[in-house]
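*Asks:* After the sequence you'll find the predicted model.
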Amino acid sequence: MKPSQSAEDQAAESLSSLADGEVASSELDRWVHRLASDEAARARFARYRLIGAQMGSEETLAVNASCVAERVREALRDEPTILAPRQRPAFSLPRVALGAAVAAGVALLAVGLAPSIIGLSEPQMPEESPSFAFAPRLSVPAEGITLVAGGSEVGHSKPGAAEAAQRWKVLSPEMRAKISRYLVEHNELAGHIAAQRPSSHLGYISTHEPGQ
Amino acid sequence: MNRDSRFLLGLLALPFILCGWAGASESPSDLYERMRDAVRNIDYEGRFVYQVGDQLDAMYVVHRLQNGRSLERLVALDGKHKQVIRGASAVACLDAHQRRISVLGAGSRLGDAPVASADDLGQVYRFEEGERYRVAGRPARELIIRPRDDLRFGYRIALDEATGLPLRTVVLDENGKVHSQTLFVELKTGSLVTPIERDLSALQLAEMAPSPMAAVSPPALLSEAPLQLDKLPPGFRPIRLPASNPEVQHLLLTDGLASVSLYIEPLQGQPFEGYSSAGAVEMYGARRGDRQVVVVGEVPRRTLDSIAQVLDSE
């Protein structure tokens, strides 16, 4: 694989994570600025949202997300025309920063708030298709682990599905990767200590994602 | 039939007689040790199903012993493309997106850590022999392992009479209900097994340096640590492991059969709190002051909770 392809793939995967709402909140600002300044990235972001929506039959969400991306683009395109004749106050922010801030607000709404506003706070997505190398994923575990039931009280039993659904939250990609690694590491060690099965790595391989 | 012929026949029959006698005289704890040795030392290949809850997965496994090292390949036959490859010293996991997780093999990290004998296990489990039946077309003997408390799971294992391999393993939760199970539907052993060594690229991938850990010191029993080890659930013994990341403290806790990993690290970003699971393996995350605790193991959740508490009184 060429290095440039690899970088492009990496960027695409990051955008996919963004479209899935899987980036850390601290990263959102950076992404908003990137979307505001990179038309290709905006187009790809909109496309991912659309694919994701089609996979989950979420036309409404897709339309909203695509519109948001389009609105960001239009806002940036029209902005110089609108703002140029005006006399800016001395304390006004630079034009680009203001545009980015507007875009940030809109994009943040799309990534973080739009699903809950339109009643899709926990969209259910089907399994990833191997043909979509970087297909958008919404709350789909990358390595079989993503969704977590909140709460840390000692001695409580498995929460009910409804209760758990309310308390589920998506781990950050970094945390998910870390825990996946812990899982593999643990399975390897546990299999060395005792072996009651054909392999100790069934947990990683299993597609099972119980409802907490 | 002359005397020489009778002698010859007797000689030929002797191994069968001894095998039958040995099979009949094996205690349940002998059965356990035979199974444990078989999984490590026998070449096997087959397809099996893995059930957790109402989810069923088909998998393929090939295991070979080469120069005393276990080579293994485990492949998901359902759903996402995933596989685990164990080389001579490392393990690599691949998913459909070619994302890879690599870790050092257990042998490199545990070294010569003592393996619990069946007698040791007797303190927390009871071993019984169950019925004889057929699994995957092969005669099997059932080994029942009952926990003496509700802090660990129980097992019903159908061992292949010929090899000792676990043809079927049913894990029972603290209420005696099925938590998970594996069942071979097809099994080959010995010389019939496909040489895993043919897939050199996969094995080379597994051997790629999995972590920046430079030197691996032998594991030592934990003697001093800022942990309340007296809070550990009964029967669990801690083994401190060299961490793959210097910021992470990793303790392996085992009763000889069930194992739990406790990871302690500085809290960074959004904490992992609550439960999750992968297959039958449970995970619990908790925030303890400025630290993130992650507990991983195939044990009841209350056991994970208890193990996370060792950090509470710091």
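*Replies:* Looks like it came in fine.
*Asks:* now the strands: where do they sit in the stretch 51-200 of chain B?
*Replies:* Secondary structure of the stretch 51-200 of chain B, counting by DSSP state E, counting those that start in this stretch: strands at B:55-66, B:69-76, B:83-86, B:90-94, B:100-104, B:125-135, B:138-147, B:154-160, B:166-172, B:178-189.
*Asks:* For these, give me JSON lines that also has distance to chain A, mean neighbour count and mean pLDDT.
*Replies:* Placement of C-beta: from N, CA and C, glycine included. Compiled in JSON lines, those are given as follows (distance: least, Cβ to the nearest Cβ, whole Å; neighbours: other Cβ atoms under 10 Å in any protein chain shown; pLDDT from 0 to 100):
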{"stretch": "strand B:55-66", "distance to chain A": "4", "mean neighbour count": "18", "mean pLDDT": "91"}
{"stretch": "strand B:69-76", "distance to chain A": "5", "mean neighbour count": "20", "mean pLDDT": "89"}
{"stretch": "strand B:83-86", "distance to chain A": "4", "mean neighbour count": "24", "mean pLDDT": "88"}
{"stretch": "strand B:90-94", "distance to chain A": "5", "mean neighbour count": "23", "mean pLDDT": "85"}
{"stretch": "strand B:100-104", "distance to chain A": "5", "mean neighbour count": "20", "mean pLDDT": "76"}
{"stretch": "strand B:125-135", "distance to chain A": "11", "mean neighbour count": "15", "mean pLDDT": "94"}
{"stretch": "strand B:138-147", "distance to chain A": "8", "mean neighbour count": "20", "mean pLDDT": "96"}
{"stretch": "strand B:154-160", "distance to chain A": "6", "mean neighbour count": "24", "mean pLDDT": "96"}
{"stretch": "strand B:166-172", "distance to chain A": "5", "mean neighbour count": "23", "mean pLDDT": "96"}
{"stretch": "strand B:178-189", "distance to chain A": "5", "mean neighbour count": "19", "mean pLDDT": "94"}
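*Asks:* Just send those back as CSV, with distance to B:L311 too.
*Replies:* Formatted as CSV, those follow (distance: least, Cβ to Cβ, whole Å):
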stretch, distance to B:L311
strand B:55-66, 33
strand B:69-76, 33
strand B:83-86, 30
strand B:90-94, 28
strand B:100-104, 24
strand B:125-135, 27
strand B:138-147, 25
strand B:154-160, 29
strand B:166-172, 28
strand B:178-189, 27
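*Asks:* With respect to A:S172, which of those lies nearest?
*Replies:* strand B:100-104 (16.8 Å; Cβ to Cβ).
*Asks:* Report the angle between that closest one and strand B:90-94.
*Replies:* Using axes from the mean of the first three to the mean of the last three Cα atoms, to 10 degrees, the direction of strand B:100-104 lies 170 degrees away from that of strand B:90-94.
*Asks:* still on that earlier bit, looking at the strands of the stretch 51-200 of chain B, spot the one closest to B:R40.
*Replies:* For B:R40, the closest of the strands of the stretch 51-200 of chain B is strand B:69-76, at 6.2 Å, according to Cβ to Cβ.
*Asks:* What pairs with the closest one, parallel or antiparallel?
*Replies:* Strand B:69-76 has the following strand partners under DSSP bridges: strand B:55-66 (antiparallel), strand B:83-86 (antiparallel).
*Asks:* What would stretch B:181-195 look like as PDB? C-alpha coordinates only.
*Replies:* What follows is stretch B:181-195, C-alpha atoms only, in PDB (Å, rounded to 0.1, in the frame of the first residue of the first chain):
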ATOM      1  CA  GLN B 181     -20.800 -23.400  25.900                       C
ATOM      2  CA  THR B 182     -18.600 -24.700  23.100                       C
ATOM      3  CA  LEU B 183     -19.300 -27.800  21.100                       C
ATOM      4  CA  PHE B 184     -17.100 -29.400  18.500                       C
ATOM      5  CA  VAL B 185     -19.000 -30.600  15.500                       C
ATOM      6  CA  GLU B 186     -15.900 -31.800  13.600                       C
ATOM      7  CA  LEU B 187     -12.500 -32.600  15.000                       C
ATOM      8  CA  LYS B 188      -9.300 -33.900  13.600                       C
ATOM      9  CA  THR B 189      -6.200 -34.800  15.700                       C
ATOM     10  CA  GLY B 190      -2.700 -35.900  15.200                       C
ATOM     11  CA  SER B 191      -1.300 -36.300  11.700                       C
ATOM     12  CA  LEU B 192      -4.600 -35.400  10.100                       C
ATOM     13  CA  VAL B 193      -4.300 -31.700  11.200                       C
ATOM     14  CA  THR B 194      -3.500 -29.100   8.500                       C
ATOM     15  CA  PRO B 195      -0.100 -27.700   9.100                       C
END
